[in-house]
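Asker: Just a sequence and a predicted model for now, questions to come.
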Amino acid sequence: MKNSIAFGQYCEGSSFLHKLDPRWKLVLAVLYIVTIFLCKNVFSFVLVGVTAVGLVLLSEIKPVLILRSLKPLIMIICITAVINIFWLKGETLLWQFGPVSIYLEGIFNALLIVVRVVLLVAVTTLVLTYTTTPIALTDGLEQLLAPLARIKLPVHEFSMMMTIALRFIPTLLEETEKIMNAQRARGADFSTGSLAKRAKALVPILIPLFISAFRRAEELAIAMECRCYTGGEGRTRMNVLHSSYRDVVAVLVMVAILAGVLVINRFAPGYSISM
Amino acid sequence: MNKIIEASHLSYAYPADEEGMAPHVALRDVSFSVNEGEFVAILGHNGSGKSTLAKLLCLVLEPDGGQLYIGGKNMTDENVSDEDVYAARRQVGMVFQNPDNQLVATIVEEDVAFGCENLGLPSEKIRKRVDSALATVGMTKYARHEAHRLSGGQKQRVAIAGAIAMRRKCIIFDESTAMLDPAGRKEVMETITKLNREEGVTVLHITHYMNEATMADRVIVMSDGCILMDGTPSEVFSRPEELWKANLDVPQTTELLWRMKKAGYDVRLDIFDPRLCAEEIARALDEKKD
């Protein structure tokens, strides 16, 4: 169970991507997402695809790990693909049976949407979670959002909550597994029966899990207080974020790719998608 | 010698859960003081008030009555400000029982830095302190590891590193060894004694393991919210009957020697090392033969 969740997993390393400033990484990720959604034809998709492959190479992370991050999304990807195949009406009719018809455009569109989702998830996990420690990430987010603190938004509290949530995901997963085993030992059955029955079987897991999570929260609060935590004011950080030439280069390249996509959209011939 | 903690006539009662029920009295009239650099073990069965005492000393709870001085400053004064409380917390830290529920950050060194970051120290200084704290507890190798993958003993050592990185004069261990396996317990006890002997940190070790208490300079035995005994391990453990009455065990060596003494052998009771204990018994047996 623990290994099936790639979210929040950091892979130690010292590649180009690891060394980037988390603030700029967040900017990069946003730029990349925008670029993906601007893609309107095959050539632009090739461009963002190549960018993704380039990022994987720069990260020095095994491609297998990146594929693993896609595993939980297989169902969603399949469903979107199927819906798109049947939904979109085009000009070239391939196959028709009663009210159901499949057009070439539909298949093409489904394919591009799959590529879009895969790239989106792969690149964000790669840039943000695999190559950035959770603390660096929440620090980066806190600093990027710092201007919002001026209008009294609880930016520090938000980033502290993220830090703690990320810290406790594995702990709570472990606990869930323990409780499930304990209930199994008492004859609980989680894997057979109707969906409603299985959902019901989860109640005896969730209740102890919630109770223990609340107890943990209270203990953690006391521990933090004992460690002189008094909120964001007057707090310093051990790892101060530094931007370097790398960040500038990375962001400039990403902006160039975005511009490239816009140019391709405008001038290059090709199959354009109607969304 | 400077007194880091001075408590006089402390009392505390947990408010009743429901109206009409009597509040649960956890501490009554507790007075003691701890000198800087001392290693004090606090013993007591469940519900004897030892954890409540720790929470009072860390200023997590406020006493209902009595006076508490931390580093010479009265913390029970009416006009104690938040600043005073923070200042006291800088001196006295706590390591809790459950290693999972006191680590804030995912990465070991970032967790150790948490306390120093709260103090607002400059980043280079934090870096130095974190590195030296990790070296002291022998966890340098794990600095960049994920905390949740460590063993219980290692997690507790990380928590200890977090406390010493803040340069605390006194660390309270609230049953920090209770949830660990024997190997983890040994690791943590070695770290605690090292802190006390080499770094001069004052240690208050709350435990119900008797052999851990024998490592301390001084043992305080609590029962029903009161201090029952206060003395060196030899003094305390040479009165096993009183400990048994308070529902506490004595070290196995002490029990054995005590039984020998009752049977008429002339033995000392204050020997805790099994080897030395065996030698003592052999000597007593020889003597009896003659």
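Answerer: It's in.

Asker: okay, now residue A:212: neighbour count?
Answerer: Neighbour count of residue A:212, defined by other C-beta atoms under 10 Å in any protein chain shown: 16. C-betas here are computed from N, CA, C, even on glycine.

Asker: For residue B:284, list the residues it contacts.
Answerer: B:260, B:265, B:266, B:267 (C-beta atoms under 8 Å, 6 or more residues apart in numbering or on different chains).

Asker: Equivalent analysis for residue A:103, please.
Answerer: With C-beta under 8 Å, 6+ apart, residue A:103 has these contacts: A:88, A:89, A:90, A:91, A:92, A:93, A:94.

Asker: ok, those residues vs chain B, which is closest?
Answerer: Nearest to chain B among the contacts of residue A:103: residue A:88, at 43.5 Å, using C-beta to the nearest C-beta.

Asker: from what I can see that closest one touches residue A:104, true?
Answerer: No - judged on C-beta atoms under 8 Å, residue A:88 makes no contact with residue A:104 at a distance of 9.8 Å.

Asker: Compare the two (neighbour count), which wins?
Answerer: The neighbour count for residue A:88 versus residue A:104, taken as other C-beta under 10 Å, is higher for residue A:88 (19 against 15).

Asker: tell me the phi and psi of that one?
Answerer: phi -70, psi 130 (degrees, to the nearest 10).

Asker: Could you find the closest non-adjacent residue to it?
Answerer: Nearest non-adjacent residue to residue A:88, counting by C-beta to C-beta, 6 or more residues apart in numbering or on different chains: residue A:106, 3.9 Å away.

Asker: Does the one you found lie in a helix or a strand, and which?
Answerer: Assessed by DSSP states H and E, residue A:106 sits inside helix A:104-124.

Asker: how far out from the middle of the chain is that helix?
Answerer: Remark: helix A:104-124 is offset 16 Å from the chain centroid, using C-alpha atoms, centre = their mean, to the nearest Å.

Asker: what secondary structure does the closest residue to residue B:244 other than its chain neighbours sit in?
Answerer: Leaving aside its sequence neighbours, residue B:244 sits nearest to residue B:250 (C-beta to C-beta, 6+ apart; 7.4 Å). Secondary structure state of residue B:250, per DSSP: H, G, I helix; E, B strand; the rest coil, is coil.

Asker: roughly how far apart are residue B:250 and chain A?
Answerer: As judged by C-beta to the nearest C-beta, to the nearest Å, residue B:250 and chain A stand 31 Å apart.

Asker: these two touch, right, that residue and residue B:242?
Answerer: No - Residue B:250 is beyond contact range of residue B:242, at 9.8 Å (criterion: C-beta under 8 Å).

Asker: can I see the domain layout of chain B?
Answerer: With automatic domain parsing as the criterion, the domains of chain B are listed as B:36-58+B:82-238, B:251-290.

Asker: Of these, which stretch is the most buried?
Answerer: domain B:36-58+B:82-238 (a mean of 21; mean count of other C-beta atoms under 10 Å in any protein chain shown).

Asker: quick one: is that domain near chain A?
Answerer: Yes - counting by C-beta under 8 Å from any C-beta of the partner chain, chain A has neighbours in domain B:36-58+B:82-238: B:55, B:58, B:86, B:89-90, B:93-94, B:96, B:98, B:100-107, B:109-110, B:113-123, B:126-127, B:130, B:144, B:146-148, B:162-163, B:166.
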